[in-house]
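Trainee: sharing a model that was predicted from the sequence below.
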Amino acid sequence: MENTIRSLQQEIIDFEIHSPADLETFRLRYTVRKGLIAALFGQLKTVDPAEKPRIGQLLNQLKQTADSKLAEAEAALSSTKPQESKGIDLTLPGRRYFTGSEHPVQKVLGEMKQIFSDMGFGIATGPELELDRYNFDLLNFPPDHPARDMQDTFFINKGAAAEDVLLRTHTSPVQIRVMLDQKPPIRVICPGKVYRNEAISSRSYCVFHQLEGLYIDKKVSFADLKATIYSFAKQMFGTDVKLRFRPSFFPFTEPSAEVDVTCYLCGGKGCRVCKKSGWLEIMGCGMVHPNVLRNCGIDPEEWSGYAFGMGVDRTVLLRYKIDDIRLLFENDLRMLKQFTA
Ligand code: DAH
């Protein structure tokens, strides 16, 4: 009898209760009126009277062990059960999460940034609300030069404030900020939004995106510029693209050029997008004008550099076959949801 009690005691201690089903098995085996412990109590009358008090005590201990284990397990299991609280129905299925997606402009900008950062360019940003001085004057636009008229924008406090402020018309003022702020060598790209007072149509909008590049070091040449742009264009538009540099004019570069790539839609044969020319213009570029370097406290006798500025939105439109630039700015979910990864 004593051995049976002791082995049952050990069995009860070792019994693992992890679920309501375990709990029920335990209860039925040991603690109910027809369970093993009750049966042993029934056998107590057959025990030698001299041994009865000791065996009775052992049996009581056994019962206590089982009862307290049952109570503890019950408490533990009920605390892990979800609580029903007022006003919340925990049996309802959860709300669905809607995953957002990167805007197509950001996708293309991301690719461009990656290509340049692989080439060792850092990233600089500047404010969209910019000083007239940085947007034009320090970039060597003479006060009444017609080049200003080509970039009409939204002027804030014109004439009244201490300094004229405007919505920047290009990312080039970030060049100025970087050069005023850092000593050469400088190698940065400046992506961002720019603004112009344009007639709005499917092809042009009052907001768009540019990516500017600036490299200032000793003995930088036009050959460095060409090689960098070539490497970029091949990675961005495909290894087969050809480039064409056309002489152009920008007040802040001399010499200046516009860069075309062979139309990557028709492979240069001529199509509707490239207007049968076989070429697509992708950027303006040139060697940074000595006046611009001087305006920023950099000695043009010691340092030279190149700069470039490209539009981002047209590449987005062509890449994703979007036929209206306004769709990029309207935040219409019917359009944006098509870009979920
Ligand atoms: N800022 C010019 C524009 O918006 C583009 C440009 C041309 C940027 C030549 C440059 C550059 O940095 O060197 O039309």
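Mentor: Now that the structure is in, tell me what you want to look at.
Trainee: quick one, helices of the stretch 201-341 of the chain?
Mentor: For the stretch 201-341 of the chain, helices defined by DSSP state H, counting those that start in this stretch occupy the ranges 222-237, 290-295, 313-320, 333-336.
Trainee: to G305, which of those helices lies closest?
Mentor: G305 lies closest, by CB to CB, to one member of the helices of the stretch 201-341 of the chain: helix 290-295, at 7.5 Å. Using the backbone N, CA and C atoms, a C-beta is placed for each residue, glycine as well.
Trainee: touching the ligand at all, that closest one?
Mentor: No. With CB under 6 Å from any ligand atom as the criterion, the ligand is not reached by helix 290-295; the gap is at least 9.6 Å.
Trainee: and that helix, what's buried?
Mentor: For helix 290-295, the neighbour count (16 or more other CB atoms under 10 Å) marks 290, 292-293, 295 as buried.
Trainee: switch the helices of the stretch 201-341 of the chain over to CSV; also include mean pLDDT.
Mentor: Supplementary listing: those in CSV, determined by pLDDT from 0 to 100:
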stretch, mean pLDDT
helix 222-237, 97
helix 290-295, 98
helix 313-320, 92
helix 333-336, 92
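Trainee: mind putting these into JSON lines with distance to A39?
Mentor: Putting those into JSON lines (distance: least, CB to CB, whole Å) gives the following:
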{"stretch": "helix 222-237", "distance to A39": "83"}
{"stretch": "helix 290-295", "distance to A39": "101"}
{"stretch": "helix 313-320", "distance to A39": "79"}
{"stretch": "helix 333-336", "distance to A39": "71"}
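Trainee: interface residues of this structure facing the ligand?
Mentor: Proximity of the chain to the ligand, by CB under 6 Å from any ligand atom, involves residues 170, 172, 212, 250, 253, 284-286, 307-309.
Trainee: low-confidence stretches in this structure?
Mentor: Across the chain, the ranges flagged by pLDDT under 70 are 80-85, 158-161, 341.
Trainee: can you list the domains in it?
Mentor: As assigned by automatic domain parsing, the chain contains the domains 2-79, 104-339.
Trainee: where do the strands sit along this protein?
Mentor: Taking DSSP state E as the test, the strands found in the chain are 122-123, 129-131, 155-156, 165-167, 186-195, 207-217, 243-250, 253-262, 279-288, 304-311.
Trainee: what pairs with the fifth one, parallel or antiparallel?
Mentor: Strand 186-195 has the following sheet partners, assigned by DSSP bridges: strand 122-123 (parallel), strand 207-217 (antiparallel).
Trainee: what angle do it and strand 304-311 make?
Mentor: 30 degrees (axes from the mean of the first three to the mean of the last three CA atoms, to 10 degrees).
Trainee: how about strand 186-195: buried residues?
Mentor: 186-192, 194-195.
Trainee: and that strand, how far from the chain's centre?
Mentor: Centroid separation for strand 186-195 versus its chain: 18 Å, with CA atoms, centre = their mean, to the nearest Å.
Trainee: before we move on, back to that, report the two of the buried residues of strand 186-195 separated the most.
Mentor: Spatially, the most separated pair among the buried residues of strand 186-195 is R187 and Y195, at 26.7 Å (CB to CB).
Trainee: out of the strands paired with strand 186-195, which is closest to D164?
Mentor: strand 207-217 (20.4 Å).
Trainee: tell me what Y306 is bridged to.
Mentor: In beta-bridge terms (that is, DSSP bridges), Y306 pairs with Y215, M287.
Trainee: that one: what's it in contact with?
Mentor: 213-215, 220, 222, 224-225, 228, 253, 285-288 (CB atoms under 8 Å, 6 or more residues apart in numbering).
Trainee: contact partners for the residue of the stretch 51-200 of the chain found nearest the ligand?
Mentor: Taking CB to the nearest ligand atom, the ligand has its nearest neighbour within the stretch 51-200 of the chain at H170, 3.4 Å off. Neighbouring residues of H170 by CB under 8 Å, 6+ apart: 135, 151, 194, 210, 212, 309.
Trainee: let me have these in a markdown table, adding distance to M335 as columns.
Mentor: What follows is the contacts of H170, written out as a markdown table (distance: CB to CB, whole Å):
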| residue | distance to M335 |
| --- | --- |
| N135 | 31 |
| Q151 | 29 |
| V194 | 22 |
| Q210 | 22 |
| E212 | 27 |
| G309 | 27 |
